[in-house]
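J.: Below is the sequence, then the predicted model.
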Amino acid sequence: MIFRILTGLVDEAAVVKTKAEHYMARFANDEITVFKHWSEEATYLYLAKGKRATFVGMTGPPTLDKIEEAAKRLVTVPEDPLYVPLGGPQPVNYSEPAEGFEKIPDLVKTAIDVAEGVERSAGVVHMIYIVVEYRDTAGRSGSYSANRVYLAMRSFIGDLSATSTSAGRKLADIKAEEVGKRNAQILHAAKGLPQVKIEPRRADVLLSPLVFGHLIGEVASSWASGSEILTGSSRYTKDDLGKEVASPILTVLDITSDKAAHGFTPFDLEGVPTRPIEIYRKGIFAGVLHTRRTAHALGMEPTGHALRNWAMPSPGHIYIAPADGPEDAEELFRELKNGYYIHNNWYTRFQNVKTGQFSTVGRDVVLEIKDGKPVAVVKFVRIADTLENVVKNIAVLSKETSQVYWWDMPTPVHAPYAVLKNIGITT
Amino acid sequence: METLIYKALDYGLALGASYVEVRWQRDVGTVAGLRNGQLEFSTTYFSEGIAVRAVAGGGMGFASITNTSLEEVLNAVEQAVKLAKAAGKWRKSPVTLSEENMANFSYTVPSIDLDPVDVLKVLDESVDKMVNVRRLVANVWTTEKRVVTSDGADVFSKIPRIYVYAMLIRHEPSLGSLQRDLFFGGTSRDSVEGAEKVVEEESKKLSLLLEKAKPISPGRYDVVFAPEMTGILVHESIGHPFELDRIYGREGAEAGESYIRPGNLRIRIGSEYVNITDYPAVPGTYGFYLVDDEGVVARPKQLVRNGVATEFITNRQYAAVIGAHSNGGARASLYSREPIPRMSNTYLEPGDWKPDEMIKDTRRGVYVVSYTEWNINDTRYSGRYGILEGYLIENGELKHPIRGFIEVETPELWGNLDAVGRDFKLYVGTCGKGNPSQGVPVTMGGPTFRSRNLRVVP
C-alpha cells in the first residue's frame, strides 16, 4: 500500500514496520513501584528522489496524509552527500514466539529474597518482544521476531550499595539468584571497613564487567562508528585500521548477530544482515561499524549497524574476549595487589569525544585493596582519564565473561573483569 | 476522542480501579543534522498514542498503545488494572494519591514556523573557520496532550518547541583539543534569535583558550560562577535531589537517590543567600507548561528559601507519602511514558550584587564562565565540573585563562555562598530520568554568584 502511495513521489523507498511489546516491573524498598506494559507499533520510511533523501518515523498505522507530508521534505532538503542507491544482500528471516510476562514478579522476589542481610533493594525487570518487517523498492524483504530481557538490582546497607545484573534473551536466561547473592557478597565484604576519601592520583584499578563493559561500549560507540570517523570526532581514522592502538590482550567484537546476545538483531533498519565485527583484534584496530551510507563514503563494506537510526551506526551488543586472569573475587584482589576495585559506574561525560577525555563516577562500593585484601571503602571515586589509556593500559582480563546490561550502560555486553594499570582517579 | 477517553475511565473504574488516568499525546516534528556543513540527516516524525495509569489492588499499573481504536484502548485499561493488582501484591503499603483541585481547561501556544535545516545552515556559517569538527542538530516539534483523570481533571495543551545542539571541536595537535557544546531552545521562534552570534563568539574562544589557558595550581579558591555555571550547579545539586520520588528511593536502581533522606526533609542546604525555585509557567522557556501530566496546575516550587529546603518537586503519589499537596511536578516525555516528578525551569533567585563587583571584591579566586565534562554522584552530594572558559582572579582583577576542575560537595558549594548577582539568564537542557528513559525539556540558570574557599584541581 505504501509503495503505491509513493509512486511518482519518490524514486526509492524502504519500509520498516515494527511492533514492540514491553513489560517492565520496577521495584524499590523491596516492593514493586509500578508494573508497566507499553505497546509500540511504528513504521519507518527511507525516501529518496535523485540524491535527496529523508527519513520518516510514525507510530500507528501509516496514513496517506502523513506519508505525503513526509515526502514533501524531498523538495526542500539538500542533497545527501552520503547517498547510495538501495541494494545489497537480502535481510535474513528469523522467528521466535513471545515470552509470557507473568513470571516477572517471581524474578523480582527471587533476587530480593536471595540478597540476605541487605537492608533494601531496588531494581527492574524489562522484557521486550519485537517483531520487524523490512521491504524496499529494490526488491529486498525480510522479517524477524525476538525477545530480550534483563534484570538489574541495587541493594543497600546504610550508605553502601551494590548493583548486579543479568541479561539474556529469555526469562530462563536471567540468573536472579546470582544477582541477589552477588549484591549480598559485595556488601558484606564492604560492611565494617573504614570509609575514606582520597586525593587525585594515578593508580591500578580492578573493574567489574559492569564498569569495563561500560567503558568499552563507549569506545565502540564513539570511536568505532563510521559516522564519527567521517565527522572527524573519532580518535581513529580509516588509516588507523591495522595499527596497534590498544593492549595486546584486548579483543573486542560486536556480536549483534549472536542469537544468545541480549542485543541480538538479525538485520538493521537498512535490511542489512548483522555479522560479527572485530573492532580490536589483540590490540589492533580491526574494524568499523557501518550503515550502508557511511560504509560507501569510506569505501568499506556495510556491517548492519543502522540499529537505532538510518544516519549513524551504533553497536548492538559488545563482546570483550576473556583472557587467562582469575575469576574469583579474592584471586582478582590478589592479582591487583594494590589499587582500587570499582564495582559500578555511572554519569560518564566527555570533555572531548575526539581525545576521549572523560570522567565517570563510581556508583556503588569502591574498595581500596592493599596487599591483595580490601582495607577500606573509598567514597565518591571517579575514573578521570582518556579512553586511549583505558584500552592501552589493560594488564589482566579474567577467563570468563558475564552478560550484563542496565539503565546507564550504552550497550549490552559480554565482559570479563579487567585490571588496568596507571589510571587517573579523583574524588 | 472525548467519548473514547471517558469510556476508558469508566471501564477502569468498573474493573475495580480506585483511580484511572488517560492521557492522549501526539508529538509531530522534524529533526535534522549537519555534519561539517553538509546534511547528515533529515527526519520527520509523528508519534501518537494513549497512556493509561491505574491504581488498583494497592498497586500502580501503566499501559500504553499506539492503536487508538476503542477496542485497543479498553484492552490497555484492562492491562493497566491487571498490572496494578499484580504489583499491589508486592507492596507493604498501598499506593495512594494526594487530594487535589483538578484542572479543567485548554491552552495553545502559537506554532514555531521554522525549518531545522534553515536554522542549522545559518548557525553553521557562524562557526569560526578554525573549528575542525562541527556537528549541529535542530529539532522543531509540537506536543499535544489531553489528560483526563477519574477524579475530575480534563486538560488539553498544545505546545511547540525548538531545540538546537551544536558540538564544536577545535583540534590542533601542537596545542591540544577543546570541545564546546552549545544548546538553544524554547517554546517560541524567539528562542533561537541571536544564537548565531553566540555560536560565532564561543567558537572563536576555543582557539584563544587552547593557546592561552594554563592549568591551575591545585588549592582552595573563591569561585565566581557565571550564569551558565549557576544553571548546571542548581540543576544537578538542588533540582534532582529535591525530586521527592528519589528521596523515597523509587529511582534507586537507575537515576539514583538523594542526600536528603526520608524523615529529615527540611535540612539546611546553604547560606542565608540561597533561594532556589522551579517554575514551569515562565513564558517562552523550554521547560514551559501550565498544567502537569496529572492535571494539577503548575506553580512556583520554592525549593530552597534562605538556605533551607522548604519544598520538593513532586507528583500526587509522593505528595501523599509526606501528607502534602502536589505542586504540579509530574511530567511524561511521550505517550509511552509514565508521569514522574521532574524539573522544569530551575534557577537561583537573583540578589543585589553586580557581577563585576564580585570579581573586584575577590582577592584570590577563579571566575568560571562555562563548563565541559561534568558529573555528580547519584545522591547528588559530590560533583565535578570541568572549566572550559575560566580566569584566575588576583586582587580583584581577571588574569589569564585557566583550565581545571571544581570538585565540590553540595553543602560546601551552597554553604560558602556569600554573594548573589542581580543578572539573570536561563540555559537550555534535556533532563534524563526514569526507566525507560525520559528526556524532558528544561532550563536552568540564575545570576552570577560567589562561593568561598572551594577546591579547584588541574
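T.: Yep, that arrived. Residues are numbered from 1 along each chain as shown, chains lettered A, B, ... in the order given.
J.: count of residues packed around A:Leu107?
T.: 23 (other Cβ atoms under 10 Å in any protein chain shown). (C-beta placed from N, C-alpha, C; glycine too.)
J.: Angles on the backbone of it, please.
T.: Dihedral pair for A:Leu107: phi -60, psi -40, per degrees, to the nearest 10.
J.: what does A:Asp173 give?
T.: Main-chain torsions, A:Asp173, degrees, to the nearest 10: phi -70, psi -20.
J.: now the one 5 residues further on
T.: Geometry field for A:Glu178 lists phi and psi as phi -60, psi -40, criterion degrees, to the nearest 10.
J.: same deal with the one 4 residues further on?
T.: The main-chain torsion angles of A:Arg182 are listed as degrees, to the nearest 10 and equal phi -60, psi -40.
J.: show me the contacts for it.
T.: A:Arg182 makes contacts with A:Ala162, A:Ser164, as judged by Cβ atoms under 8 Å, 6 or more residues apart in numbering or on different chains.
J.: again, only this time at 10 Å
T.: Neighbouring residues of A:Arg182 by Cβ atoms under 10 Å, 6 or more residues apart in numbering or on different chains: A:114-115, A:153, A:155, A:162-166, A:175, A:208, A:329, A:343, A:402.
J.: Domain ranges for the chain, per the record?
T.: Chain wasn't specified; assuming chain A. Following the TED database, one finds the domains of chain A at A:1-188, A:193-426.
J.: not what I meant, chain B
T.: Domain assignment for chain B, taken from the TED database, gives B:1-212, B:215-457.
J.: How far off centre is the shortest one?
T.: Mean C-alpha position of domain B:1-212 versus that of the full chain (Cα atoms, centre = their mean, to the nearest Å) differs by 12 Å.
J.: What is the end-to-end distance of it?
T.: 61 Å (Cα to Cα, to the nearest Å).
J.: give me the subset of the contacts of A:Arg182 touching chain B.
T.: Near chain B, judged by Cβ under 10 Å from any Cβ of the partner chain, the entries from the contacts of A:Arg182 are A:Met153, A:Ser155, A:Thr163, A:Thr165.
J.: May I ask which two of these are separated the most?
T.: The largest distance within the ones next to chain B among the contacts of A:Arg182, taken as Cβ to Cβ, falls between A:Ser155 and A:Thr165 and amounts to 12.2 Å.
J.: what is in contact with these two at once?
T.: Contacts common to A:Ser155 and A:Thr165, judged by Cβ under 10 Å, 6+ apart, are A:Gly123, A:Val179, A:Arg182, B:Ala253.
J.: If you rank those residues by neighbours, which is first?
T.: Most neighbours among the shared contacts of A:Ser155 and A:Thr165, by other Cβ under 10 Å: A:Gly123, with 31 neighbours.
J.: Once you drop chain neighbours, what's closest to the residue in chain B positioned nearest to chain A?
T.: Closest to chain A within chain B is B:Gly252: 3.3 Å, counting by Cβ to the nearest Cβ. Excluding the flanking residues, the one nearest B:Gly252 by Cβ to Cβ, 6 or more residues apart in numbering or on different chains is A:Ala122, at 3.3 Å.
J.: how many other residues sit next to the nearest residue in space to B:Glu100 that is not next to it in sequence?
T.: The shortest distance from B:Glu100 to any non-neighbouring residue, by Cβ to Cβ, 6+ apart, is to B:Val296 (5.3 Å). Counted with other Cβ under 10 Å, the neighbours of B:Val296 add up to 28.
J.: Could you say whether B:Pro94 sits in a helix, a strand or coil?
T.: Secondary structure, DSSP: H, G, I helix; E, B strand; the rest coil: B:Pro94 is coil.
J.: OK, contacts around it?
T.: B:Pro94 makes contact with B:Ser18, B:Val55, B:Ala56, B:Gly57, B:Gly58, B:Gly59, B:Met60, B:Gly88, according to Cβ under 10 Å, 6+ apart.
J.: and with 8 Å instead?
T.: By Cβ under 8 Å, 6+ apart, the residues touching B:Pro94 are B:Gly58, B:Gly59, B:Gly88.
J.: Also A:Pro412?
T.: Per Cβ under 8 Å, 6+ apart, neighbours of A:Pro412: A:Tyr150, A:Ala167, A:Ala261, A:His262, A:Gly263, A:Gly316, A:His317, A:Ile318, A:Gln403, A:Val404, A:Tyr405.
J.: now swap in A:Ile157 and tell me
T.: Shown in contact with A:Ile157 (Cβ under 8 Å, 6+ apart): A:Gly117, A:Val118, A:Glu119, A:Leu187, A:Ala190, A:Lys191.
J.: Quickly list what it is bridged to.
T.: Counting by DSSP bridges, A:Ile157 is bridged to A:Leu160.
J.: quick one: it from A:Leu187, how far?
T.: 5 Å (Cβ to Cβ, to the nearest Å).
J.: overlap in contacts of those two?
T.: Listed as contacting both A:Ile157 and A:Leu187 by Cβ under 8 Å, 6+ apart are A:Gly117, A:Val118.
J.: of all of the stretch 101-250 of chain A, which residue lies closest to chain B?
T.: Nearest to chain B, among the residues of the stretch 101-250 of chain A, is A:Ala122, at 3.3 Å (Cβ to the nearest Cβ).
J.: My guess is that residue contacts A:Ser161. True?
T.: No: using Cβ atoms under 8 Å, A:Ala122 and A:Ser161 do not qualify as a contacting pair, with a distance of 9.2 Å.
J.: joint contacts of those two?
T.: Residues touching both A:Ala122 and A:Ser161 (Cβ under 8 Å, 6+ apart): A:Arg154.
J.: follow-up on the earlier one: mind listing the residues bridging to the residue of the stretch 101-250 of chain A closest to chain B?
T.: With DSSP bridges as the rule, A:Ala122 is bridged to A:Arg154.
J.: Next, work out how far apart B:Thr30 and B:Asp154 are.
T.: Applying Cβ to Cβ, the value for B:Thr30 to B:Asp154 is 30 Å.
J.: For the shared contacts of A:Ser155 and A:Thr165, work out which two are farthest apart.
T.: For these, with distances taken as Cβ to Cβ, the pair at the greatest spread is A:Arg182 and B:Ala253 (14.4 Å).
J.: What about the closest residue to B:Pro355 other than its chain neighbours? Give its phi and psi, please.
T.: Nearest residue to B:Pro355, sequence neighbours excluded (Cβ to Cβ, 6+ apart): B:Thr448, at 4.0 Å. Dihedral pair for B:Thr448: phi -70, psi 140, per degrees, to the nearest 10.
J.: B:Gly231 now?
T.: phi -60, psi -50.
J.: tell me the contacts of it?
T.: B:Tyr347, B:Lys425, B:Leu426, B:Tyr427, B:Gly429, B:Thr443, B:Met444, B:Gly445, B:Gly446.
J.: The second one and B:Pro227 touch, don't they?
T.: Yes: taking contacts as Cβ under 8 Å, B:Lys425 lies within contact range of B:Pro227: 4.0 Å.
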